[in-house]
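Enquirer: Please find the sequence and the predicted model below.
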Amino acid sequence: MAQYKMHLLVCGGTGCRASQSEQIVENLKSEIKNLGLENDAQVVTTGCFGFCEKGPIVKIIPDNTFYTQVKPEDCAEIVTEHVLKGRKVNRLLYEDPETLKHIEDSKHMGFYQKQLRIALRNCGFIDPENIDEYIARDGYAAIGKIITEMTPEAAIDIMKKSGLRGRGGGGFPTGLKWEIASKNKADQKYVVCNADEGDPGAFMDRSILEGDPHSVIEAMAICGYCIGATKGIVYIRAEYPLAIKRLKVAARQARAYGLLGEKILGTDFDFDIELRYGAGAFVCGEETALIHSMEGHRGEPTVKPPFPAEKGYLGKPTNVNNVETFANVPAIFLKGAEWFASIGTEKSKGTKVFALAGKINNVGLIEVPMGITLREVIFEIGGGIKDGKKFKAVQTGGPSGGCLTEKHLDTPIDFDNLIAAGSMMGSGGMIVMDEDDCMVSVAKFYLEFTVEESCGKCAPCRIGNKRLHEILEKICGGKGVEEDIEYLKNLSRVIKDTSLCGLGQTSPNPVLSTIEHFYDEYLAHVKERICPAGSCKALKLYTIISDKCTGCTACVRACPVDAITGEKRQPHVIDADKCIRCGACYDKCKFTAIHVQ
Amino acid sequence: MEKFTIKIDNTEVEVSKGTTIYQAAKQIGIDIPVLCYLNLEHLNIESRPGGCRICVVEVEGRRNLAPSCSTECTPGMVVNTHNMRVMNARKTVLELILSDHPKECLTCSSSGQCDLQHLSQVMGIREIHAVENAEMSTYRKDVSPALKRDMDKCIMCRRCETICNDVQTVGALSAVNRGFMSVVAPAFEQDLIDSPCTFCGQCVAVCPTGALTPYDDTAKVLRALADPSKTVIVQTAPAVRAALGEEFGLEPGTLVTGKMVAALRSLGFDKIFDTDFAADLTIMEEGAELLGRISKFLAGDKDVKLPILTSCCPAWVNFFEEYYPCMLDIPSTARSPQQMFGSIAKNYYAELMGVKREDLVVVSVMPCLAKKYECAREEFSTNGNPDVDFSISTRELASLIKSCNINFDLLPDEDFDNPLGESTGAGVIFGVTGGVIEAAVRTAYELFTGKKLDKIDFKELRGLEGIRMASIDFNGTMIHIGIAHQLGNARKLLDGIRSGMYNFHAIEIMACPGGCIGGAGQPLHHGNSKVIKARSEAIYREDSQKTIRKSHENPYIVKLYEEYLGHPMSEKAHHLLHTHYFEKNKK
């Protein structure tokens, strides 16, 4: 095997591929060939680096040079300068937004400094389509050790001691879940990997499957051994074609190596996986709905108990874990439960992957130890708020999480603290809002999503969320009254209290948390009829400052509804009743004579 | 069985493992309101999807409220069914449901029988707190010849889905769309007529609101009665007399044959005839067909199609046309009694009375909704004039009687008219599962063996189990009989025949639980098996009280063959009393 001096790692995640990373790989390879450097440097397509804000990423090891926003035409320069002559291409290096200095390697980038990568340990490091690279990183060592040296009980014990909790949203202790499934006797059991990632903006599961599919396969096999299942199913969104492809490649390679299939590693343990595709319904992330969908039924939840561990897929005991949970498992067995349990807070062990999005400088995927504060995540890893604006709130836990504010910035992030603060961990979405975001509109936005994604089975979620959305629309439309806020609160509580599944039990969170933390903003909408953030269109009042108006009539011509009148060269006026708040006059006026309230 | 104690509203109750909170509460007289919950005791089916969330209760130590219908008790559980939290939640959820429900109670055909209306009354709903101009989920209306779908009124209880899929295995209805626009509909939101629907109507019988209702022709019947140029005659199915009284507050199982005849006469029908007469006629034809096939079979004919399947039930006919198109040559070709009656009325009787076919209006009163579809089938009309003009249900007859100011209680007992009103006990038992085959056996036995029956009752063919089997000794020849009611059981039986598991000479199938007595046009029994049992007993009582109990002994039937039809299976009989079946999708 060739000993390369240099490895050029190119992100092959969905995001960077959309910005031509495949072409970058091609160009790098041909440049290397042109210069006859094939024996010195190797180009590797890897999974996601997480720093999606600045993709496509090309990382060069061993020196950890981190090139950002690389274009296919930059490749010649990278190869001739960096690979051949050993000089870094400065203009492609990440520039620190504060010091404006180029940072030479990723280890000194704020984005990576506070991260601790366990689930993402191989993402952006190995070629996900090459099993040897996974094995070189101790891949499949855990399953080998477990099935040859350990009883299922002992392995479950390690899982329990590690303190790993489900990363899909609920935070149920994984070891305990396995133990319950292992104790239910049946002729057939199933291990299901929930890869139906549905939170808007969240893509940790996709990135793991694209960047490190073997770790999930290995973990599913470990789970199969522990609970006594020989069949594994990955329920994955059909919209994840790359993840599907890499998973299939990985499974094929694992089978060829005897790591999946019958008599794994010569033992009596049989295990194999198959894929099922989801049609992208958010509710199918709920485990009972997911199972119904896999069975070919309508994707809707059923009352628990019975839990899947007792009566799941095809009525058999089934253990459902999500991708990120599984990705942690091999690492736990390799490094030990004590090591894993030493990371994090008292009740939330290990790390958590978050998808940073919204008004934040470093949009991307990060993995941090539990217990880190929101401030560290947003201001250190995330690089602070875009365009120097003021931080207003952060929505954690996806569409049904809650909005947290300034006062929560120093709260250590873990499952219980987030719930106590009126939000939740969810699958790890983290959307940052700045001073321009109206919190009523934010709540309305999330409700739009849950209204769309409610399966319709239970009345409070089906009709209640719709009504919440209607009231929020009414408030944003300038027609709200104070009683509406009280009604929102009561309705939200009832929906949470009575809904059948996790979707309805959490969907009012954005409403309740914004009312709690931004009550004044709601009041301003319904009492003074103004939107303090200036984002609700219907609450904008356009007036003409007569002192500044020259009567040029530009605004009259711009107005699509003839709401502006006035004599030439005389100050004009806007008829507020006719005005549709489109802002056309504001854009046209050269004399800043249009005032927007 | 493991037993333990729980506490509901401060009262201790001992329950066995598996008991739900709802059931436990019932044991101590606490009636937790339910809406989507469906308990069809007569079918042993309890559907608890936990979708409406009306039955929520507080369970101490649980974060959220629990649906009592689908939450099983655990030892030491402490439940509160009516504290402020629960009451507020329940009321808010009900208001939500009402906020998406048309407020048409005054004109809704389910008014007075609507579970949602009843619940609003019980919960004292006086206003609905929701947004002004709150959006309603609305859907295209679907009107078929048998039933109407007004899904604006659907509350997604999914009861119809349970009946259609789990009980009847028809698979015409399931939830479609998502969220606020979720609704129960045929696949691709087809019209029912294009779906696999058999029009058994059992979905109508369990719908808690006016979303699924019968197609109602009573207004047309009234118009015909008022038209002096028309002769309007009526036929009443056997099951009607065993249930009609319930609509007037009489005990289930009260036979009201005489009062029913008097009421129909008082409504203005020119002649009151009996479908039981046509049932006797059916036995003559179907019995002859059965004997013909059996004789051939016994003579060694390998091509003869056995078992013969009864064909009286129109939902069953629709079912096998849809799902067993390869078996279309197995059922008897005999038309159902309703259609035999219509054919005889519009031909023989019209001739006899010197009335033109067009001026004779035949109305049927049926326990069934599929009969509405059946009489609209093209093959049962001549030049566009149907043999049976209108089919109305038992419930619709009751409302007709009420609307015409007739005091049912005070009516005298009156007799059917002749010649199409005379019937035997064999005709009466057509109304209950096992009855058609028993009637056929009574006649077939005597014709086959040439001997008189010592014992007319064949108790081995009776009962309410879903699938029954019996062998009858025809003087040394054993005749094997299968019986199924509910289409799900019919499917099991048919699949068993197809796979060679069963060997029968004859099979009787009725689509509705209990047979016609449990039809979807009957007074609603809400799954109460006592009601079904009482109706069944009433039918057998009527049979046992008859002096003539074998179809071939009905003097008017004998006369009809002598004067008009010749003999069973004659060419004329074939033309007027038999039919053929179509592969449904190719019709």
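Expert: All right, it came through fine. Residues are numbered from 1 along each chain as shown, chains lettered A, B, ... in the order given.
Enquirer: For the rest of this, base every contact and every neighbour count on C-alpha atoms.
Expert: Will do.
Enquirer: so what's whichever residue of the stretch 151-300 of chain B sits closest to chain A up against?
Expert: Nearest residue of the stretch 151-300 of chain B to chain A: residue B:179, at 3.9 Å (CA to the nearest CA). Listed by CA atoms under 8 Å, 6 or more residues apart in numbering or on different chains, the contact partners of residue B:179 are A:451, A:452, A:453, A:454, A:455, A:456, A:457, A:461, A:462, A:463.
Enquirer: Run through the residues that contact the first one.
Expert: Shown here is residue A:451, whose contacts under the criterion CA under 8 Å, 6+ apart are A:461, A:462, A:465, A:466, A:469, B:179, B:180.
Enquirer: Tell me which helix or strand comes right after the helix or strand that contains it.
Expert: Using DSSP states H and E, residue A:451 sits in helix A:439-453. Counting by DSSP H and E, the next helix or strand C-terminal to helix A:439-453 is helix A:459.
Enquirer: Give me the mean pLDDT for the helix or strand just after that next one.
Expert: Next along the chain after helix A:459, taking DSSP H and E as the criterion, comes helix A:465-476. Average pLDDT, helix A:465-476: 96.
Enquirer: which residue is nearest the centroid of the chain?
Expert: No chain was given, so I picked chain A. residue A:202 (2.1 Å; CA atoms, centre = their mean).
Enquirer: I was thinking of chain B, sorry if that wasn't clear
Expert: Mean-position check on chain B, CA atoms, centre = their mean. Result residue B:519 at 1.7 Å.
Enquirer: who's in contact with it?
Expert: B:200, B:201, B:202, B:367, B:368, B:369, B:512, B:513.
Enquirer: of all of the stretch 1-150 of chain A, which residue lies closest to chain B?
Expert: Counting by CA to the nearest CA, the stretch 1-150 of chain A gets nearest to chain B through residue A:14 (28.7 Å).
Enquirer: Distance check, that residue against residue A:245.
Expert: 12 Å (CA to CA, to the nearest Å).
Enquirer: Looking at the two, which is more packed in?
Expert: Relative neighbour count places residue A:14 above the other of residue A:14 and residue A:245, with 20 against 15, counting by other CA atoms under 10 Å in any protein chain shown.
Enquirer: surely that one meets residue A:241?
Expert: No. Applying CA atoms under 8 Å as the test, residue A:14 and residue A:241 come out as separate, 9.2 Å apart.
Enquirer: how does the chain divide into domains?
Expert: Using chain A. Domain ranges of chain A: A:6-108, A:131-341, A:351-434, A:439-528, A:540-596, per automatic domain parsing.
Enquirer: try chain B instead
Expert: B:3-122, B:218-277+B:338-422.
Enquirer: where do the strands sit along the stretch 301-450 of chain A?
Expert: A:318-322, A:351-358, A:364-369, A:391-396, A:403-405, A:429-434 (DSSP state E, counting those that start in this stretch).
Enquirer: Can I get those in CSV including mean neighbour count and mean pLDDT?
Expert: Shown next, in CSV, are the strands of the stretch 301-450 of chain A (neighbours: other CA atoms under 10 Å in any protein chain shown; pLDDT from 0 to 100):
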stretch, mean neighbour count, mean pLDDT
strand A:318-322, 29, 96
strand A:351-358, 25, 94
strand A:364-369, 25, 94
strand A:391-396, 24, 94
strand A:403-405, 25, 92
strand A:429-434, 25, 93
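Enquirer: In CSV: those strands, plus distance to residue B:361.
Expert: Below are the strands of the stretch 301-450 of chain A laid out as CSV (distance: least, CA to CA, whole Å):
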stretch, distance to residue B:361
strand A:318-322, 63
strand A:351-358, 73
strand A:364-369, 77
strand A:391-396, 71
strand A:403-405, 71
strand A:429-434, 70
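Enquirer: Redo the ones you listed as CSV? Include distance to chain B.
Expert: Formatted as CSV, the strands of the stretch 301-450 of chain A follow (distance: least, CA to the nearest CA, whole Å):
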stretch, distance to chain B
strand A:318-322, 21
strand A:351-358, 25
strand A:364-369, 28
strand A:391-396, 21
strand A:403-405, 21
strand A:429-434, 23
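Enquirer: Ok, which of the ones you listed comes nearest residue B:427?
Expert: The minimum distance between residue B:427 and the strands of the stretch 301-450 of chain A falls on strand A:318-322, with 54.9 Å, by CA to CA.
Enquirer: Residues contacting the closest one, please?
Expert: Contacts of strand A:318-322 (CA under 8 Å, 6+ apart): A:166-168, A:174, A:177-178, A:181, A:189-195, A:205, A:287, A:308-312.
Enquirer: dump the residue contacts of the residue lying farthest from the centre of chain B.
Expert: Most distant residue from the mean C-alpha position of chain B: residue B:61, 45.6 Å away (CA atoms, centre = their mean). For residue B:61, the contact set (CA under 8 Å, 6+ apart) is empty.
Enquirer: Then residue A:591?
Expert: So residue A:591 contacts A:548, A:549, A:550 (CA under 8 Å, 6+ apart).
Enquirer: circling back: may I have the secondary structure class of the residue farthest from the centre of chain B?
Expert: Three-state call for residue B:61 (DSSP: H, G, I helix; E, B strand; the rest coil): coil.
Enquirer: can you list the residues of chain A near chain B?
Expert: Remark: the part of chain A in contact with chain B comprises A:298, A:302-303, A:305, A:451-464, A:466-467, A:470-471, A:491, A:494, A:496-500, using CA under 8 Å from any CA of the partner chain.
Enquirer: Give the residue spans of chain A that score low on pLDDT.
Expert: A:1-2 (pLDDT under 70).
Enquirer: and if we set it to 50?
Expert: A:1 (pLDDT under 50).
Enquirer: which residue packs closest to the residue in the stretch 401-550 of chain B positioned nearest to chain A, ignoring adjacent ones?
Expert: Using CA to the nearest CA, the closest approach of the stretch 401-550 of chain B to chain A is made by residue B:488 at 19.3 Å. In space, and not counting its chain neighbours, residue B:488 is closest to residue B:168: 4.4 Å by CA to CA, 6 or more residues apart in numbering or on different chains.
Enquirer: No more questions from me, cheers.
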